[in-house]
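S.K.: Here is a sequence with its predicted model. Questions after.
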Amino acid sequence: MGEKGDRQSAAGVQACAQLVADLAPLGELTARKMFGGFGVFCDGVMFAIVDSQGDCFLRADQATSEEFVAAGSKRHGRMPYWQIPSRVRRDSVTLLARANQALEVARRAAAR
């Protein structure tokens, strides 16, 4: 997302709308404004974020973050979200698989 007080950018708004559209097969998706970016939720569980520059990130845990590291992704600060690699972002099948994995990670974390 961004820093507290950041404003939404056109890039962030557009990237969030596109991500939500691309991930629609996962279920009931919503996006909420948060710190200049957006949190993306499925059935009330946040599993993705879009920062104020329009970069998209998925939730990961210790096991799944290794895939993001191997792909050269950057972590979003200290949060457990990793930038979606550009090759994944362009491949709808892989994007949905990674997003589903992120949703499961987020659901497990919410259940604790």
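M.R.: That came through fine. Numbers count the residues shown, from 1 in each chain.
S.K.: thought Trp82 was touching Lys74?
M.R.: Yes. Applying C-beta atoms under 8 Å, one finds Trp82 in contact with Lys74, separated by 7.3 Å. Heads up, the C-betas are built off the backbone N, CA and C, glycines and all.
S.K.: So between those two, which is more surrounded?
M.R.: Taking neighbours as other C-beta atoms under 10 Å, Trp82 and Lys74 compare with Trp82 leading, 22 against 12.
S.K.: Tell me the secondary structure at the more buried one.
M.R.: On the three-state scheme (DSSP: H, G, I helix; E, B strand; the rest coil), Trp82 is labelled strand.
S.K.: what sits against it?
M.R.: By C-beta atoms under 8 Å, 6 or more residues apart in numbering, Trp82 lies in contact with Phe57, Leu58, Ala60, Ser65, Phe68, Val69, Ser73, Lys74, Arg75, His76.
S.K.: so Glu32 is in which element?
M.R.: Residue 32: Arg, not Glu. Here Arg32 sits within strand 29-34, counting by DSSP states H and E.
S.K.: Name whatever forms a beta bridge with the most centrally placed residue in the chain.
M.R.: Among the residues of the chain, Ala48 comes closest to the average C-alpha position under C-alpha atoms, centre = their mean, at 2.4 Å. Ala48 forms beta bridges with Val40, Leu58, as assigned by DSSP bridges.
S.K.: Now do the same contact list for it.
M.R.: Contact analysis of Ala48 by C-beta under 8 Å, 6+ apart lists Leu19, Leu23, Gly39, Val40, Cys56, Phe57, Leu58, Arg59, Tyr81, Ala99, Ala102.
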